[in-house]
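S.K.: Sequence first, predicted coordinates after that:
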Amino acid sequence: MFTATPLTLKNERSEKAARLVFLSMTLLMVIPLLLIILHLVAKAWPILSLDFLIKNPSHGMRAGGVFAPLLGTIYLVLFSLLIATPLGVMTAVYLNEYARDNALTRIIHLAVVNLAGVPSIVYALFGLGAFVLAAGIGRSVLAASLTLAIMTLPVIITSTKEALSSVPFAFREACWNVGATRWQTIRHVVLPNSINGILTGIILQVSRAAGETAPVMFTGAVFYKAIREGDFFAYGLLDQCMALSMHLFTISTQVPDVPDALPYGTAVVLLGTVLLVNAFAIILRVRLRSRKKW
Amino acid sequence: MKGRTRFESIKEWLIERIIWICGVSSILFVFAIFFFVFREGSAFLFRGFKPVEFFTSIEWYPTSQSHVRYGALALILGTFSVTTLAMLIAIPFGLGAAIYISEFCSARVRETVKIIIELLAAIPSVVWGFIGLTIMNSLIIRLFHAPIGLTMLNGGIILALMSVPIVVSIGEDALKAVPDSYREAAIAMGCTRWQLVYRVLLPAARNGLLAAVLLGIGRGIGETMAVLMATGHSIRIPTSLLDPVRTLTATIAAELGEAAVHSDHYQVLFIIGILLFMITFIINLTADLIVKGIRKQ
Amino acid sequence: MKNSKLTIKDLRVRFGHKQAIKGISFDVYQNEILGIIGPAQSGKSTLLKVLNRTIELIPGAHTSGQVFMDGQDIQKLSNVYKLRRSIGIVSPLPVGLPLSIYDNVAFAPRMAGVRKKRDLDDCVERCLRQAALWDEVKTRLQTLGTRLSGGQQQRLTIARALSHEPQVLCLDEFSIAIDPVTTMRIEEVLKELRSQMTIILVTNLVQQARRLADRTAFMFNGELVEIDDTKVIFSEKAAVRQTYEYVNGVFG
């Protein structure tokens, strides 16, 4: 066999060194994340209970729970996705199924890329200028949801498009060959077979919309609004609302003398919601990958 | 049967129209964003706005009683210094992790690390801001004996952690696009792994990595809540890592609530918005062109 | 003189700048099996896409020339879906839609507006019988079509192509992905179907054309080299030397 020469030994050592360096770079990102989450949870531990979720903030936001902000966040996420999902899915259908390779398609693509990169604070300015002022909706759940919807749109388009293009072209041809129209093909074969991928993309947007602060701060969310505890229909479409993300910002920077556990608890509730939703989407995706129909 | 087909073809036509309108709506939204942000700021832009002062003065006194000044230089430098610092941290680590994921680890580890990085990307910016405000703040005070921990360093680290997922995922895509034959050829010629990475992979994936960096920068420039909470609030040109800074985005977020609607101050904030919109537009456009160029190869 | 089912006149197709079909003209007669042979990339599959006008759905494709079906220009038909239903296409690789076996076959009639369960049941059974698949799947019509073996899927595709009662059945290299035994079974099926419809059999197995086809066309590089009775094509009487060389395996 081969004997180890100084050169191969050197190579082996460099191989090990390289692996170690890149591994430690990866770990340096991953480990702090886990430590941070642990730290947050530890600090929030004394306050975390069901009560925290179902009680309103009280005593000038220095006590109580997060019911009103949590409910507001749920409203904003639901309405924004109700608006963004059909629009985003349809756009993706257009881009993937109908669009020809022409100037219009390229412009739409550019627009989507650009929408994805617009800073969230610019969305806030846009929502304020367009929905709150120009459209006269005023600061409300509706205006904030519309703003969030346009913000989540590009990502829904991109993920839906990816899901649609994973359906083999041969299926479409087979449908056309037997006299199905384009829409029938999309409706009966393409969409049913990409629905899971589409859903995963939308679920990820739930967590994104829940975490956004700047876009809702000037379009609908307020520092404080009293609602009835346990009433899940407390906000109207044209009401202002509280939002979990903004609540965290408020109590950690704007209100003096807040007991430590309160912002930590709020952060953990927000983070927990977001990570749970994401974990759910990831599990869904992994399971789907193992259960392909073709 | 005949009537049915007629109905069907009308329905088909209608659905195609609706889908087309949805498709085109994205273009409308981009224009709408520009239009409405511009509209709110336009009156002042053409009347009292002094571009020279805006870009060269560091005197930002929007609420001064005697002499209102809108010099945004410190804010612009704030944004660029924090973003640069973040990139200096995020790019080596992000690319290192991308290299590790695509070249060194097993499929199982790769999936796990990618999931963790995906979760990292999911953490809301306000939570990052909170982490900067609490954990990083006390850490910096303790380590550097600084009077306050809400500094450029703090914001840079937070922003780096936020940008890393983008750099990793796009960087990994770029490395994956390097054909295996390159690797095999390099190994066959007796390259060490180091040489493989530096002489073969990084040059071959150059464009993709550039796009990753650009998108990371775009994210950094646009980030609002995290830098608002983590970098402190003093408007001046930072001279050290431990100086507090204020960014363009944070200025809008902090002052828009207090500026009276349609006042000059309010309109200047919208002008900053236009500036941000245009910067990120150019960055994203460039990154997209680069990514497309890679796919064509 | 037999009557023409399809008449193709100076047909040209290009994808972007690439010419796929460079001006071909010929007739397909009623109730014949027309074999089309030729090496890969000679425009055979593209020809079938032109016949049912799915070529219009392929980005970048441009067509000129005319195709007449029963004397009518297919470009001028108002109902393209009716045209597609009157032509059955079986593609090279079996494409079972990710639906149940039953739904695969019932797909076309449903899209055409048939709703009655009885009619659909009858149609599914008839087509699966015609495609010699019924006995193998009659007890598990609800399993996924994509779970069937390659040979079964190919017969499922044939059943689906028959489900809309086509007047012309086009098979595009149907035996490329299946075993010889299944191929023989399908060939038997085709012989029986000949009495009911016109069949176009695109194949790169020249012997298959020799076994089945009444007439054979030889296409090469987007052009129609020769079309004649199969006997003639496979004899020394072939008009063009290239044809003789191809069917005898000298090139291709």
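M.R.: Okay, I see it. Numbering: from 1, shown residues only, chains lettered A, B, ... in the order given.

S.K.: distance of residue B:241 from residue B:91?
M.R.: Per CB to CB, to the nearest Å, residue B:241 is found 17 Å from residue B:91. C-beta here means a position set from N, CA and C on the backbone, and glycine is covered the same way.

S.K.: now swap in residue B:83 and tell me
M.R.: From residue B:83 to residue B:91 the distance is 12 Å (CB to CB).

S.K.: likewise residue A:68?
M.R.: Going from residue A:68 to residue B:91 by CB to CB gives 41 Å.

S.K.: out of the two, which sits in the busier spot?
M.R.: Counting neighbours by other CB atoms under 10 Å in any protein chain shown for residue A:68 and for residue B:91 shows that residue A:68 has the greater number, 25 against 20.

S.K.: Look up how far chain B lies from the more buried one.
M.R.: 17 Å (CB to the nearest CB, to the nearest Å).

S.K.: thought that residue was touching residue A:227?
M.R.: Yes: if you go by CB atoms under 8 Å, residue A:68 and residue A:227 touch, sitting 5.0 Å apart.

S.K.: what do those two both touch?
M.R.: Listed as contacting both residue A:68 and residue A:227 by CB atoms under 8 Å, 6 or more residues apart in numbering or on different chains are A:56, A:234.

S.K.: Show me what from the stretch 51-200 of chain B comes close to chain A.
M.R.: Within the stretch 51-200 of chain B, the residues that sit near chain A (CB under 8 Å from any CB of the partner chain) are B:92-94, B:96-97, B:99-101, B:103-105, B:113, B:115-120, B:122-127, B:129-131, B:133-135, B:161, B:164, B:190, B:192-194, B:197.

S.K.: Does the helix or strand residue A:246 falls within reach chain B?
M.R.: Using DSSP states H and E, residue A:246 sits within helix A:244-249. Yes: interface with chain B: helix A:244-249 contributes A:245-246, A:248-249 (CB under 8 Å from any CB).

S.K.: that older thread, among the residues of the stretch 51-200 of chain B next to chain A, which are in helices?
M.R.: Using DSSP state H, the subset of those located in helices is B:92-94, B:96-97, B:99, B:113, B:115-120, B:122, B:125-127, B:129-131, B:161, B:164, B:193-194.

S.K.: of these, buried ones?
M.R.: Neighbour-count burial (16 or more other CB atoms under 10 Å in any protein chain shown) applied to these gives B:93-94, B:96-97, B:99, B:113, B:115-120, B:122, B:125-127, B:129-131, B:161, B:164, B:193.

S.K.: Which residue does the stretch 151-294 of chain A have closest to chain B?
M.R.: residue A:211 (2.5 Å; CB to the nearest CB).

S.K.: I'd guessed that residue sits against residue A:270; true?
M.R.: Yes: with contacts counted by CB under 8 Å, residue A:211 reaches residue A:270, the gap being 6.7 Å.

S.K.: Settle it for me: which of the two has more neighbours?
M.R.: Set residue A:211 next to residue A:270 and count neighbours by other CB under 10 Å: residue A:270 wins out with 28 against 25.

S.K.: Doesn't the more buried one belong to a strand?
M.R.: No: Residue A:270 sits outside any strand when classified using DSSP: H, G, I helix; E, B strand; the rest coil, being helix.

S.K.: who's in contact with it?
M.R.: By CB under 8 Å, 6+ apart, the neighbours of residue A:270 are A:73, A:210-211, A:244-245, A:248, B:124, B:126-127.

S.K.: again, only this time at 10 Å
M.R.: Listed by CB atoms under 10 Å, 6 or more residues apart in numbering or on different chains, the contact set of residue A:270 reads A:66, A:69-70, A:73, A:207, A:210-211, A:213, A:243-245, A:247-248, B:123-124, B:126-127, B:130.

S.K.: circling back: give me the common contacts of residue B:83 and residue B:91.
M.R.: Residues within reach of residue B:83 and of residue B:91 at once, by CB under 10 Å, 6+ apart, are B:160, B:163, B:216-217.

S.K.: Which one of those residues is nearest to residue C:70?
M.R.: For these, the residue nearest residue C:70 by CB to CB is residue B:216; the value is 63.5 Å.

S.K.: Can you check the pLDDT for that closest one?
M.R.: According to the prediction, residue B:216 has pLDDT 89.

S.K.: buried set for the helix or strand where it lies?
M.R.: According to DSSP H and E, residue B:216 maps onto helix B:206-222. Within helix B:206-222, the residues that count as buried by 16+ other CB under 10 Å are B:207-222.

S.K.: Domain boundaries for chain B, per the record?
M.R.: Split into domains by automatic domain parsing, chain B comes to B:2-47, B:72-296.

S.K.: which other helices and strands contact whichever helix or strand residue B:17 is part of?
M.R.: Per DSSP H and E, residue B:17 falls inside helix B:2-46. Under the contact criterion of 3 or more CB pairs under 10 Å, 6 or more residues apart in numbering or on different chains; DSSP states H and E, helix B:2-46 touches helix A:67-93, helix A:103-117, helix A:120-127, helix A:141-165, helix A:182-185, helix B:264-296, helix C:80-85.

S.K.: Distance to residue C:205 and mean pLDDT added to those, as JSON lines?
M.R.: Shown next, in JSON lines, are these (distance: least, CB to CB, whole Å; pLDDT from 0 to 100):
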{"stretch": "helix A:67-93", "distance to residue C:205": "40", "mean pLDDT": "95"}
{"stretch": "helix A:103-117", "distance to residue C:205": "40", "mean pLDDT": "92"}
{"stretch": "helix A:120-127", "distance to residue C:205": "61", "mean pLDDT": "96"}
{"stretch": "helix A:141-165", "distance to residue C:205": "33", "mean pLDDT": "95"}
{"stretch": "helix A:182-185", "distance to residue C:205": "31", "mean pLDDT": "93"}
{"stretch": "helix B:264-296", "distance to residue C:205": "38", "mean pLDDT": "89"}
{"stretch": "helix C:80-85", "distance to residue C:205": "27", "mean pLDDT": "90"}
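
S.K.: Which among the ones you listed is found nearest to residue B:65?
M.R.: Relative to residue B:65, the nearest member of those by CB to CB is helix B:264-296, separated by 12.8 Å.

S.K.: Name the residues of that closest one that are buried.
M.R.: B:264-277, B:279-281, B:283-284, B:287-288, B:290-291, B:294.

S.K.: is any part of that helix close to chain A?
M.R.: Yes: against chain A, helix B:264-296 shows contacts by CB under 10 Å from any CB of the partner chain at B:266, B:269-270, B:272-277, B:279-285, B:287-289, B:291-292.

S.K.: Just give the closest residue to the most centrally placed residue in chain A, not the sequence neighbours.
M.R.: Centrality entry for chain A: nearest residue to the mean C-alpha point is residue A:208, 2.1 Å, by CA atoms, centre = their mean. Nearest residue to residue A:208 in three dimensions, chain neighbours excluded: residue A:152, at 6.2 Å (CB to CB, 6 or more residues apart in numbering or on different chains).

S.K.: so what's that neighbour up against?
M.R.: Taking CB under 10 Å, 6+ apart, we find residue A:152 in contact with A:77, A:80-81, A:83-85, A:88, A:115-116, A:201-202, A:204-206, A:208-209, A:212, A:215.

S.K.: Recalculate using a threshold of 8 Å.
M.R.: By CB under 8 Å, 6+ apart, the residues touching residue A:152 are A:80-81, A:84, A:88, A:205, A:208-209.

S.K.: Over to residue C:111?
M.R.: A:175, A:178-181, A:184, A:188.

S.K.: cool, and residue A:36?
M.R.: For residue A:36, counting by CB under 8 Å, 6+ apart, the contacting residues are B:131, B:135.

S.K.: what about the helix or strand hosting it, distance to the chain center?
M.R.: Applying DSSP H and E as the criterion places residue A:36 in helix A:6-44. The chain centroid and the centroid of helix A:6-44 are separated by 28 Å, computed with CA atoms, centre = their mean, to the nearest Å.

S.K.: Next SSE downstream of it?
M.R.: helix A:50-54.

S.K.: And for that following helix, what's in contact with it?
M.R.: A:65-67, A:70, A:229-230, A:265, A:269.

S.K.: Among the residues you listed, find the lowest-pLDDT one for me.
M.R.: Lowest pLDDT of the contacts of helix A:50-54: residue A:230, 81.
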